Structure formats: structure tokens, C-alpha cells
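Show me the folded form of this:
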Amino acid sequence: MIIDLSGKTAVVSASTGGIGLAIAAGLAAAGADTVLNGRSQDAIDSAIAKIRETVPNAKLRGVAADLGSSAGVDAFVKAVPSTDILVNNLGFFGPGDLFSTEDEEWERYFQTNVMSGVRLTRAYLKDMMDRKWGRVVFLSSEAGLNIAPDMLAYSFSKTAQLGIARGIAKFAAGSGVTVNSVLPGPTLSDGVRAMLAETAKNEGKTIEQAAHDFVMSTRGSSIIQRAASTEEVANMVVYACSTQASATTGAALRVDGGIVDTIA
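As a prediction, this is how the structure comes out:
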């Protein structure tokens with residue numbers, strides 16, 4: 001299967017590193033005119049340079065904006081008033097149970113992980129529907145189904161994304177616009193590599209070995225028994241954005257390595 005997104009514009013929020021960068025690279029490799037986003041122009045320029053190392057003819061540009069705020073989304077949309085593909089990747093995670101997570105932190109999870117995607121989708125969806133073609137993808141997580149009590153606010157935000165994506169898919173029914181969520185499991189992003197680096201060094205292990213141990217100790221139901229690569233997650237997102245995925249909408253597409261222990 002050859003995915004060709006030539007002539008399409010793609011926006012990927014929070015795409016200067018990790019999964020977002022891999023998604024931007026994958027969309028660019030498929031021919032999309034890809035718009036990167038980060039909080040600083042320096043980070044965007046660095047990300048564009050990284051993508052050009054493997055996709056030298058990529059059509060790339062970037063807009064610096066904090067999409068965790070309404071003002072940041074407004075500024076971004078002013079710079080990029082239309083897109084065919086929207087990947088809502090912005091999000092953060094961290095520990096915190098019911099008693100240790102303050103109200104302000106709950107609000108930050110909601111504004112960053114949930115409302116950033118809501119606002120961007122609201123800004124772009126009508127034009128997609130008018131053109132009878134569009135793709136919207138929310139980056140959720142297996143934690144949205146397999147709720148982590150020690151990461152409660154994060155898990156809540158990921159569950160919210162699943163409901164929002166499904167609801168928007170129904171709203172766009174019959175329009176030619178698909179809306180899906182993608183659910184990664186533990187993924188060996190730059191941030192995870194940095195988190196595991198000290199453990200790997202102290203225990204005389206490779207990062208990959210440390211990641212395996214981390215996955216098995218925290219997500220023992222994993223079938224692949226390792227962390228996914230950012231490219232493996234990006235592959236699913238690129239498919240969901242393709243013309244070939246025209247009958248896939250309202251779906252929760254798992255790239256969790258089998259962690260969620262259900263068959264449907």
C-alpha cells in the first residue's frame with residue numbers, strides 16, 4: 001500500500017520531538033505539506049532540519065505557539081487558516097493520584113491535553129466538511145482505557161479525548177471527514193529515553209533493556225513486552241490520515257502492544 005498525501009496540508013501540534021516529530025516526518029514523507037508546531041522557533045527549526053535528513057524534499061513549515069491556551073490557538077489558526085489533516089498531539093503526563101493532584105493541575109491537564117484539540121478541531125472542521133474531505137486524529141493513550149490510579153488526571157484527559165473524537169466523528173457523519181483517536185502504549189520517545197538513561201547506566205543495561213523492564217513492571221499485560229518506537233506509532237497515524245482509511249472513523253486505534261486486555 002502506497003500512501004500519497006500530495007496536495008494535502010497537514011498540521012501536527014507539538015511536533016518538535018518524540019511522537020509528534022515522527023508523525024510530522026511520516027506525513028511529509030507521504031507528500032503532505034506539513035506544518036510543525038512547538039513553543040519556540042528554534043525548536044521548530046531544529047525539527048525541520050531533522051526531518052530533512054531523511055526526507056530531503058519535504059514540504060515543511062512551522063508556527064511557534066502555545067496551543068495549551070485559547071490565545072495560542074487563535075494565533076496559530078491566524079497563521080494557518082486552513083488544513084486538510086489535523087493531528088492533535090499536544091499533551092503532557094506525570095504522576096499524581098486523587099490526593100496528590102491539586103485543582104490547578106487538573107485544570108492544566110484539561111486545558112493542554114483536551115481543550116487544545118477541541119479548539120483546533122473547532123477551527124478547522126467546518127472547512128473540511130465543506131470540502132468533503134478531511135482527517136482529524138487525536139493522540140490519546142492506552143491509559144485512557146487502562147486507567148492508571150497513580151496518573152489519574154492524565155488518564156482522565158486521555159479518556160476524554162476518546163469521547164470527544166467519537167462524538168466529533170458522529171457530528172461529521174457523511175461529510176467525507178474522518179475523526180479517530182490513536183492509543184499508544186509506552187513509547188521510546190526522547191523524553192522516555194532521558195527518563196531511563198540513569199537507570200540504564202546504573203544497572204549496566206541498554207536503554208532498550210531498561211525500557212523492557214519498565215514496561216513489564218508497569219504494564220505487565222504487554223504482548224510485545226517492549227516499548228514501541230515513535231515510528232511505529234506514527235505509522236498508524238499516517239494510515240489514519242490517508243485516503244485508504246476513508247471507512248475508518250470514530251475508532252480508537254491501538255498501538256499499545258496489546259496492553260489493553262480486551263478483544264474489542
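
from here on, contacts and neighbour counts on C-alpha atoms
OK.

residue boundaries of the helices in the chain?
Remark: helices assigned in the chain by DSSP state H are 18-29, 41-54, 70-79, 103-109, 116-131, 152-171, 190-203, 207-218, 230-240.

Packing partners of the shortest one?
Helices and strands touching helix 103-109, by 3 or more C-alpha pairs under 8 Å, 6 or more residues apart in numbering; DSSP states H and E, are helix 152-171.

Contacts for the helix it packs on, please.
92-98, 101, 105-106, 109-110, 113-114, 118, 137-141, 143-145, 147-148, 177-181, 249-252 (C-alpha atoms under 8 Å, 6 or more residues apart in numbering).

try stretch 241-258
For stretch 241-258, using C-alpha under 8 Å, 6+ apart, the contacting residues are 3-5, 85, 135-137, 141-142, 162, 165-170, 176, 178-186, 221-228, 232-233, 236, 239-240.

Can you say which of those are buried?
The neighbour-count test (16 or more other C-alpha atoms under 10 Å) applied to the contacts of stretch 241-258 identifies 3-5, 85, 135-137, 141-142, 162, 165-166, 168-169, 176, 178-186, 222, 225-228, 233, 236, 239-240 as buried.

okay, Ser15: pLDDT?
Looking at Ser15, its pLDDT stands at 99.

OK, contacts around it?
Neighbouring residues of Ser15 by C-alpha under 8 Å, 6+ apart: Leu21, Ala22, Ile23, Ala24, Leu36, Asn37, Gly38, Ile44, Ala47, Asn89.

how many neighbours does the closest residue to it other than its chain neighbours have?
Nearest non-adjacent residue to Ser15, counting by C-alpha to C-alpha, 6 or more residues apart in numbering: Leu21, 4.5 Å away. The tally of other residues near Leu21 (other C-alpha atoms under 10 Å) stands at 27.
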